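In: any chance you could fold what I've pasted below:
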Amino acid sequence: MSARLMSMTGYLLKQAEGQTCAPVRAAQALHESNALGPIFFFTPELGRWSTVGGLGVMVDELSIGVAALGQEVVVISPYYERNRKGQTGYLAKDPAGIHYKDNITVDINGGTTLGVHEGVVDGVRVVFLHNGDIFPSPYPDAQPAFTVQQLAVFGKGCLEYCCQRQLIPSIAVTNDWFTGFTAAYAKVGHYGDTFKGTSFIHICHNLNEAYEGRIHLNHGDGDLGALHKLPRDWLIDPKWRGNVINPSRCAIMLSDQWSTVSRSYRDEILQGSPLADILKQKPQPFAHPNGIPIAERVRKLDAVAPDHLTAKTQLQKKYFNLPELDDSIALFAFVGRVTTQKGVHLILDIAERIIMKSNYKVQFLVGGPANMREPYAADCAHKMWHLKAKYPACFWAAPEEFFTDGALVNRGADFGLMPSAFEPGGIVQHEFFVGCTPVVAFKTGGLKDSVLEYMWATEEGTGYTFESYNTDDFVFAMERALGTFRNKQKYNKLRENAFKGTMPGEVVCKAWLAEFYRMKGKTFTDYSSVQGLEHNFQSWRPQDYQPISIIQEIFGADKKRETFAEYDHGATEAEAAI
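Out: Residues are numbered from 1 along each chain as shown. The predicted structure is shown next:
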């Protein structure tokens, strides 16, 4: 009903062509009262410029999708001195035309100046705040005081930019712990009533204890209150052992709402997170799975290979030195960071076992760099080099370099591997799905909602899962996948299901936008649901409008004439003289 009403009144405004009359004024008032206003995303990583994990991809695609739905969208992120690839000056080299505009100053640590770089990309105003000393790289290892200073400068920098541009958010979306102070600064009074009308929603991309952003203070630091200038209880839970600033605590407490990237993960953290008590204080926390822009991704896949077997041929030639395609060999691929969360060690622990059991009819491709300064990643890297040397026709990895054939793998692999210990939402599974590639995954978080066990009897499902986080259960899932791979009729159906399991980015964007409207007490209208409705409207022009009385509106013109004929309109002067 709301979509039809907004469509009809939109039609009136379009037909008015600047003219005005009562119906046009009413339609205009309706649309103005339901307008949302500027939507701001504050994020530590963004798209091709500074993405480290799924957060940067999700915010990039969500902001673009919301802008495509007709909203005014601004994204603010740090301009790091070096991005994750170690590159400097990466904005100057970007073809989008993002340029330095001016400076802003925030009152942190005696005053900190930030250079403002702006541009417009795919309908989104992108803003990067630069200070090489404060933002040397994404998530640097640093002392507690420096990390708190980073968060304080970025939080105030985002709000100061809004003030300087006189562009105040209607909705402000903060992302993960790095943005944890932003809502607090808006509400503590540092900016008066400027942000009184702004609704803050915090996205918990990952609330695992290692990803909450906990800052363990040194002896003698106190609470660093002189630096961050926020109430102690907003940052430090007095019931916790030790002196720990938790920016996620601050973000959840001070935001009007929190949200996350899958329904299963929302349920998990409400029950098991150390922050569950404050999470439960917000009613109706929003959750929606991640997605990807399907048409755009298919075009990218088509650019590298037109179909699965062509892509698989290229992978086998390039990484396993096969002269031509051998489709009797199952190709399993992992693409991502070499971290404990991603469970890379499970792949390495089972690889030799699967290779031997399959009589060398399997290939493992592990694409992604390992940070040799991290013990876990370094240990995995050494195992990768060992397996690659021992089984060159069955195992490939290059942990010393960035992997650049992600699109080719998404289409060319027979199965994607996601043995993540925890995965709040996950985008990688959808990147495989859009290439028609099923996934073998641990049953957790967002993977639980999207990677569904394939059943031969019903031919439903998008991959294979394991529920116990150990090598035996993982091997069992791999063996089920291999069994299906050898039955081409069942396997082709599984690939078909995988594509259908892709979550469309447009659906994701509409769901988030509907939540933003709900937060403001407004009504989201999905105009795509009423496309073509205007053709059913009667032709109308402002000059066709004729005001009518309430009686005529209710009973019709004949009754109006009859009613007015019965009225005593008062005696004439001649009658009064008698």
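In: burial of residue 226, as a residue count?
Out: A count of nearby residues for residue 226, using other C-beta atoms under 10 Å, gives 8. Yep, even glycine has a C-beta here, placed from its N, CA and C like the rest.
In: help me confirm that it is found in a helix?
Out: Yes - assessed with DSSP: H, G, I helix; E, B strand; the rest coil, residue 226 lies in a helix.
In: report all helices and strands that the helix or strand hosting residue 128 contacts.
Out: In this assignment (DSSP states H and E), residue 128 forms part of strand 124-130. In terms of contacts (3 or more C-beta pairs under 8 Å, 6 or more residues apart in numbering; DSSP states H and E), strand 124-130 is packed against helix 54-68, strand 73-79, strand 112-121, helix 144-165.
In: pLDDT score assigned to the residue nearest to residue 446 when sequence neighbours are not counted?
Out: Sequence neighbours aside, residue 262 is the residue nearest to residue 446 in space, at 3.4 Å (criterion: C-beta to C-beta, 6 or more residues apart in numbering). Residue 262 carries a pLDDT value of 93.
In: mind listing what residue 262 touches?
Out: Residue 262 sits next to 287, 288, 289, 290, 424, 425, 426, 445, 446, 448, 449 when contact means C-beta atoms under 8 Å, 6 or more residues apart in numbering.
In: how about a cut-off of 6 Å?
Out: By C-beta atoms under 6 Å, 6 or more residues apart in numbering, the contact set of residue 262 is 289, 425, 445, 446, 449.
In: the last one touches residue 264, doesn't it?
Out: The reference is to residue 449. Yes - shown here, residue 449 and residue 264 form a contact pair, counting by C-beta atoms under 6 Å, at 5.1 Å.
In: tell me how many other residues surround residue 70.
Out: Residue 70: 12 neighbours (other C-beta under 10 Å).
In: turn the helices and strands packed on strand 124-130 into JSON lines, including mean pLDDT and mean neighbour count.
Out: Output for the helices and strands packed on strand 124-130, formatted as JSON lines (pLDDT from 0 to 100; neighbours: other C-beta atoms under 10 Å):
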{"stretch": "helix 54-68", "mean pLDDT": "95", "mean neighbour count": "23"}
{"stretch": "strand 73-79", "mean pLDDT": "98", "mean neighbour count": "25"}
{"stretch": "strand 112-121", "mean pLDDT": "97", "mean neighbour count": "18"}
{"stretch": "helix 144-165", "mean pLDDT": "97", "mean neighbour count": "22"}
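In: what's the closest of the ones you listed to residue 506?
Out: Counting by C-beta to C-beta, residue 506 lies closest to helix 54-68 out of the helices and strands packed on strand 124-130; the figure is 6.4 Å.
In: still on that earlier bit, and the helices and strands packed on strand 124-130: which comes nearest residue 334?
Out: Here helix 54-68 is closest among these (C-beta to C-beta), at 14.8 Å.
In: counting contacts, what elements does that closest one pack onto?
Out: The contact analysis (3 or more C-beta pairs under 6 Å, 6 or more residues apart in numbering; DSSP states H and E) places helix 54-68 against strand 73-79, strand 124-130, helix 505-519.
In: residue 477 is in contact with residue 350, correct?
Out: No - using C-beta under 6 Å, residue 350 is not in contact with residue 477; the gap is 10.0 Å.
In: which residue is nearest the centroid of this structure?
Out: With distances taken as C-alpha atoms, centre = their mean, the residue of the chain nearest its centroid is residue 58 (2.9 Å).
In: wait, what's in contact with that residue?
Out: residue 290.
In: all strands for the stretch 351-500 of the chain, in order.
Out: Along the stretch 351-500 of the chain, the segments classed as strands by DSSP state E, counting those that start in this stretch run 362-367, 395-397, 415-418, 439-442, 463-466.
In: adding mean pLDDT and mean neighbour count as columns, could you present the ones you listed in a markdown table?
Out: Shown next, in a markdown table, are those (pLDDT from 0 to 100; neighbours: other C-beta under 10 Å):
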| stretch | mean pLDDT | mean neighbour count |
| --- | --- | --- |
| strand 362-367 | 98 | 24 |
| strand 395-397 | 98 | 24 |
| strand 415-418 | 98 | 27 |
| strand 439-442 | 98 | 26 |
| strand 463-466 | 98 | 25 |
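In: would a markdown table of the ones you listed with distance to residue 311 be doable?
Out: Listed next are these as a markdown table, based on distance: least, C-beta to C-beta, whole Å:
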| stretch | distance to residue 311 |
| --- | --- |
| strand 362-367 | 12 |
| strand 395-397 | 15 |
| strand 415-418 | 13 |
| strand 439-442 | 16 |
| strand 463-466 | 18 |
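In: out of these, which is closest to residue 312?
Out: strand 362-367 (9.7 Å).
In: and the closest one, how far out from the chain's middle?
Out: 28 Å (C-alpha atoms, centre = their mean, to the nearest Å).
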